[in-house]
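**Student:** sharing a model that was predicted from the sequence below.
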Amino acid sequence: MTGGPTGYFTQLLLGLCVGGLLTMAAAMLRAPRRTVRWSGFFFFATSAVFALKLWCDQTQALPHEVRMIIGPIAMSSVGWFWLMVMALFADCDEYRPAMFLAPLSLLVFALAHNMSGVFMPVIWVGSTLLQAGFAIAALVVVLRSWKGDLVETRRRVRGPFMVAVALYILSLNGFDIWEMLGDTPGWYPMFNAAMLTLCVMAGAMTFLEARGEMFGEAAEPAPVRQPEPAVLAVAPVAVANGHAVANGNVEAFAIDRAAKADLDRLECLMSRDEVWKEEGLTIASLALRAGIPETQLRRLINDCLGYRNFPSYVNAHRIAAAKSRLANPTEARVSISTIAYDIGFASLGPFNRAFKEEAGVSPSEWRRKALDLHSPIPEEV
């Protein structure tokens with residue numbers, strides 16, 4: 001067991017981290033969205049196991065056999081981190097089976113490291129590089145989807161916490177490689193524990209509150225061409241004893257009328273001018289055309305229309321147009337790629353993914369079923 005004030009302080013920090021991470025794992029079980037709930041739970045739970053592993057490295061309190069089990073579970077936390085980022089920031093509501101290879105591959109690498117002999121350094125370096133790769137991939141997801149995010153609370157979380165966690169993982173991997181090449185500095189265990197504690201504190205301030213607009217189920221979007229019902233938030237009059245009377249909330253009514261006017265301009269751009277056909281349309285360019293501040297436009301699309309990110313809002317219009325054209329018998333010979341390019345997609349791959357995510361089937365399958373419905377029914381003889 002490591003003694004001295006420094007060793008005891010390091011162990012205290014790691015003990016606090018274990019408790020804090022387990023608390024956040026339990027808190028994530030309240031998240032309504034299934035992918036956020038379970039990826040968040042497993043990320044924080046395996047991170048708690050990681051903190052326990054660091055504590056065991058300091059104290060040697062647990063048997064060697066138990067530490068051999070704890071290590072691989074702890075290493076899989078980076079894979080769960082990537083899955084949580086995909087659910088939380090990329091609005092991934094369904095995981096493809098292949099995505100679970102992220103934590104599974106790290107678990108296999110760690111088990112192979114425990115059982116290997118001469119190849120142990122190579123496997124350890126490979127595992128470390130794989131962890132760094134998933135951390136970088138998570139960071140790319142956070143940064144790439146930042147501009148299109150319509151949930152204000154989620155936008156504020158991206159920078160301070162997720163980037164901090166990703167950078168902590170990368171720095172940890174750097175020290176692991178340093179350790180393989182030689183001895184790490186004596187101050188590293190306490191430094192590592194202190195950095196982990198800061199990340200846990202940042203996470204506690206964010207995730208223990210578990211705000212609905214950040215973790216909750218996305219609201220059902222209003223019909224693309226009928227946004228008006230979504231702005232009936234405040235009425236100019238109230239009903240008392242069957243008679244209309246002023247409700248007295250002048251400020252709220254003014255905001256409601258402004259939102260209605262903004263939605264009308266937005267609907268005009270999207271439905272009449274069909275600006276969604278433009279490849280690479282951004283919320284900044286749409287805000288400029290509509291004459292609406294970008295922050296206000298984000299809130300409008302999120303609060304009134306129910307979309308959590310801008311690409312989903314644009315793609316809803318594009319997929320609706322694609323369905324109409326695919327179901328049109330007069331366009332039966334028009335290729336699917338031509339339709340994809342016409343409605344604003346840069347390539348066929350993103351169109352196929354967006355279409356299947358919305359419709360549940362591929363564009364070709366949708367067309368086949370739609371055209372079958374239009375085929376004439378033969379008369380009985």
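**Tutor:** Here it is on my side, so go on. Numbers count the residues shown, from 1 in each chain.
**Student:** show me where pLDDT drops low in this protein?
**Tutor:** For the chain, applying pLDDT under 70 flags the ranges 1-5, 116-118, 162, 177, 179-184, 208-256, 374-381.
**Student:** go again with 50.
**Tutor:** Scanning the chain with the threshold set as pLDDT under 50 gives 1, 218-255, 377-381.
**Student:** in the stretch 151-300 of the chain, which spans are helices?
**Tutor:** 152-157, 164-181, 188-207, 212-215, 250-267, 283-290, 294-305 (DSSP state H, counting those that start in this stretch).
**Student:** tell me the angle of the longest one relative to helix 164-181?
**Tutor:** Which is helix 188-207. Using axes from the mean of the first three to the mean of the last three CA atoms, to 10 degrees, the inter-axis angle of helix 188-207 relative to helix 164-181 is 160 degrees.
**Student:** just checking, what packs against helix 188-207?
**Tutor:** When contacts are defined as 3 or more CB pairs under 8 Å, 6 or more residues apart in numbering; DSSP states H and E, helix 188-207 sits against helix 4-28, helix 34-59, helix 164-181. For the C-beta atoms, the positions are set from N, CA and C on the backbone; glycine is no exception.
**Student:** give the buried residues for the shortest one.
**Tutor:** Buried residues in helix 164-181, counted by 16 or more other CB atoms under 10 Å: 165-166, 168-169, 172-173, 176.
**Student:** just to revisit the earlier point, now tabulate the helices and strands packed on helix 188-207 in a markdown table and tack on distance to Glu65.
**Tutor:** Putting the helices and strands packed on helix 188-207 into a markdown table (distance: least, CB to CB, whole Å) gives the following:
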| stretch | distance to Glu65 |
| --- | --- |
| helix 4-28 | 20 |
| helix 34-59 | 12 |
| helix 164-181 | 23 |
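**Student:** now stretch 165-176, how far from the centre of its chain.
**Tutor:** How far stretch 165-176 lies from its chain's middle: 21 Å, per CA atoms, centre = their mean, to the nearest Å.
**Student:** out of the helices and strands packed on helix 188-207, which is the most enclosed?
**Tutor:** Across the helices and strands packed on helix 188-207, averaging neighbours per residue (mean count of other CB atoms under 10 Å) puts helix 34-59 on top, at a mean of 21.
**Student:** need the phi and psi values for Ser145.
**Tutor:** Main-chain dihedrals, Ser145, degrees, to the nearest 10: phi -90, psi 10.
**Student:** any idea how far it lies from Glu357?
**Tutor:** 15 Å (CB to CB, to the nearest Å).
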